[in-house]
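Asker: Quick one: sequence plus predicted model below, questions after.
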Amino acid sequence: MTTLQIVLALFSGGLVGLSLGLIGGGGSILAVPLMVYVVGIGSPHLAIGTSAVAVAVNALINLLGHARDRNVKWPCATVFAIAGVAGAAIGAEFGKAVDGAKLLSAFGVLMIVIALLMSLPRKGGHDPDVHLEAQSARRLLPPLAGTGFGVGALSGFFGIGGGFLIVPGLVSATAMPLLNAIGSSLVSVAAFGATTAISYAASGLVDWTLAALFIAGGAMGGFFGIRLARHLAQQRRMLTLIFSGVVASVGVYVVVKGVLG
């Protein structure tokens, strides 16, 4: 990598971390287009594999904090993640088989969809005591496993964390509160990212140096994002809407670039 690419990689990772710290999600969806269009990684497959590594590590870092605050519903999160890992493994194999240009165009469409989902108010469930056990297994296992597999497949195919899909998936499957869904979702984000990263790494489609730079930049960006969020707590909704607009705009750019070649 050139010196300029190293600087751009740190800067791009910082943008991802800043958004994660500032609004609590969504930044990972920008990792692939940043790697392709800003850092200058020529292969969309290499960008997806590399971003999956960064997504998994960042999720693990954030999971530690939520676990410490007891926000994770471990049995529900584990079932969702296990089913999702199977989906992510299958999705990653399909993703590697798709032409890079077509995959990038489809990724742009996904960005637009996720931007629309981000613009909607997040809603939590009404059951803070939900717990997966023998008595509730018949009711909770099917929706947890089914939704987990579907979200995991999408995550593996595109190499994204999928937090904005996992959170509503957990809420709809269990009716757990939003804070528990956010904390529990990180188990799946880390697991899906690791599964996708392993699959792409086995095919030689991970740039480990770039991944390390993104993680380092993300840590710095997250540090400032969290502190900035404290000062802009009242504007969190507005910030989310602005960020969703940015994601949608980048998605449109990616689609148009793919169509026009």
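Answerer: That came in fine, so what should we check first?

Asker: which non-adjacent residue is nearest residue 237?
Answerer: residue 121 (7.8 Å; C-beta to C-beta, 6 or more residues apart in numbering). Any C-beta I mention is one placed from the backbone N, CA and C, and that applies to glycine too.

Asker: ugh, typo on my part, it should be residue 248
Answerer: residue 115 (3.6 Å).

Asker: quick one: the one you found and residue 241 touch, right?
Answerer: No. Residue 115 is beyond contact range of residue 241, at 9.8 Å (criterion: C-beta atoms under 8 Å).

Asker: the more surrounded of the two?
Answerer: residue 115 (23 against 14; other C-beta atoms under 10 Å).

Asker: need the contact list for that one.
Answerer: Residues in contact with residue 115 (C-beta atoms under 8 Å, 6 or more residues apart in numbering) are 244-245, 247-248, 251.

Asker: one more time with 7 Å
Answerer: 244, 247-248, 251 (C-beta atoms under 7 Å, 6 or more residues apart in numbering).

Asker: can you tell me how far it sits from residue 103?
Answerer: Counting by C-beta to C-beta, to the nearest Å, the separation of residue 115 from residue 103 is 19 Å.

Asker: Repeat that for residue 228.
Answerer: Separation of residue 228 from residue 103 (C-beta to C-beta): 34 Å.

Asker: Ok, residue 16 next?
Answerer: 20 Å.

Asker: Which one's more surrounded, the two?
Answerer: residue 16 (27 against 23).

Asker: Would you mind measuring from the more buried one to residue 123?
Answerer: Separation of residue 16 from residue 123 (C-beta to C-beta) stands at 25 Å.

Asker: Likewise for residue 103?
Answerer: Counting by C-beta to C-beta - residue 103 and residue 123 are separated by 32 Å.

Asker: Same question for residue 215.
Answerer: 32 Å.

Asker: what does residue 13 give?
Answerer: Taking C-beta to C-beta, one finds residue 13 at 31 Å from residue 123.

Asker: neighbour-wise, which of those two wins?
Answerer: Neighbours were counted for residue 13 and for residue 123 using other C-beta under 10 Å; residue 13 has more, 30 against 13.
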